[in-house]
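>>> turn this into a model:
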Amino acid sequence: LTRYGLGIKPTLFGYFMERLAVEGYYNPFTGEGQLNSNLPAFTLPFLACHELAHQAGIAAEGDANLMAYALCTAPDDSSFHYSAYLEIWLYTNRRLYYRDSAIALKYEARLNKLTTAHLDTLEQLSRKYDNEYARYSSELFDSYLKMHDQKEGIRSYSNVAASAWQLEQRRIGGIKGLLKIP
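Residues are numbered from 1 along each chain as shown. Model prediction:
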């Protein structure tokens, strides 16, 4: 990555980021991706690749998530694969839950014990840092994204699910070339 001028490093502001529900960010002043390294290890590969995508010039959150997914699933590294697949599962199951909670819970019950434990860890973190500052930070960031033509705001992060599925279909079919992002 450094050969291409990309880099990621732990932020000095992890304590504050946790309280604001921020996992990582691209620092335009230093040109580096910053990551809250206090997060669970199983989330870090996907988050790091997401911030690297921003550093490489991909501004839209859904597109950065797609690049993170593509980067995490390309190497032969099960930790990166797991991080990407879990992230996509979280987005898709959350959307499914809003449409049909019974089916979403049924799928969640079929997960293995390790993944269930990881979901519990994420839920505990979410409850721990559910506060007025985190809600305000999310609302502010949602407005920022909408102001910069990401019409769905924070919800645009989850648009990666359909694009990741499309990427996998291309991989299975052996189709080479660019993926058309909807």
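>>> so how far is the lowest-mean-pLDDT helix or strand in the chain from its chain's centroid?
Within the chain, no helix or strand scores below helix 14-19, which has a mean of 82 by mean pLDDT, DSSP states H and E. Averaging C-alpha positions (Cα atoms, centre = their mean, to the nearest Å) puts helix 14-19 17 Å from its chain's average.
>>> next helix or strand past that helix?
Next in sequence after helix 14-19, counting helices and strands by DSSP states H and E, comes strand 24-27.
>>> and the contacts of that next one?
11, 32, 33, 34, 35, 36, 47, 48, 50, 51, 54, 55 (Cβ atoms under 8 Å, 6 or more residues apart in numbering). Placement of C-beta: from N, CA and C, glycine included.
>>> and which of the residues you listed is nearest to residue 149?
Distance to residue 149 across these (Cβ to Cβ) is lowest for residue 54, with 15.7 Å.
>>> relative to the whole chain's centre, how far out is the longest helix along the chain?
Assignment by DSSP state H gives helix 78-99 as the longest helix of the chain. Offset of helix 78-99 from its chain centre (Cα atoms, centre = their mean): 9 Å.
>>> could you do stretch 31-43 as well?
With Cα atoms, centre = their mean, you get 11 Å for stretch 31-43.
>>> where does the prediction get shaky in the protein?
When residues are selected by pLDDT under 70, those of the chain lie in 1-5, 174-182.
>>> so where do the strands sit in it?
Under the criterion DSSP state E, strands of the chain are mapped to 8-10, 24-27, 32-35.
>>> mind putting the ones you listed into TSV with distance to residue 172 and mean neighbour count?
Converted to TSV, the strands of the chain look like this (distance: least, Cβ to Cβ, whole Å; neighbours: other Cβ atoms under 10 Å):
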stretch	distance to residue 172	mean neighbour count
strand 8-10	30	16
strand 24-27	30	18
strand 32-35	31	22
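>>> which one of the ones you listed lies nearest to residue 74?
Between the strands of the chain, strand 8-10 lies closest to residue 74; by Cβ to Cβ that is 16.8 Å.
>>> what is that closest one packed up against?
strand 32-35, helix 44-55 (3 or more Cβ pairs under 8 Å, 6 or more residues apart in numbering; DSSP states H and E).
>>> touching it from outside, list them.
So strand 8-10 is contacted by 1, 32, 33, 34, 35, 36, 37, 48, 51, 52, 55 (Cβ under 8 Å, 6+ apart).
>>> name the stretch among the helices and strands packed on strand 8-10 that sits most buried.
helix 44-55 (a mean of 23; mean count of other Cβ atoms under 10 Å).
>>> elements contacting that helix?
Contacts defined by 3+ Cβ pairs under 8 Å, 6+ apart place helix 44-55 against strand 8-10, strand 24-27, strand 32-35, helix 61-73, helix 78-99.
>>> let me know the angle separating that helix from helix 61-73.
In terms of direction (axes from the mean of the first three to the mean of the last three Cα atoms, to 10 degrees), helix 44-55 departs from helix 61-73 by 130 degrees.
>>> before I go, just wanted to say thanks for your time.
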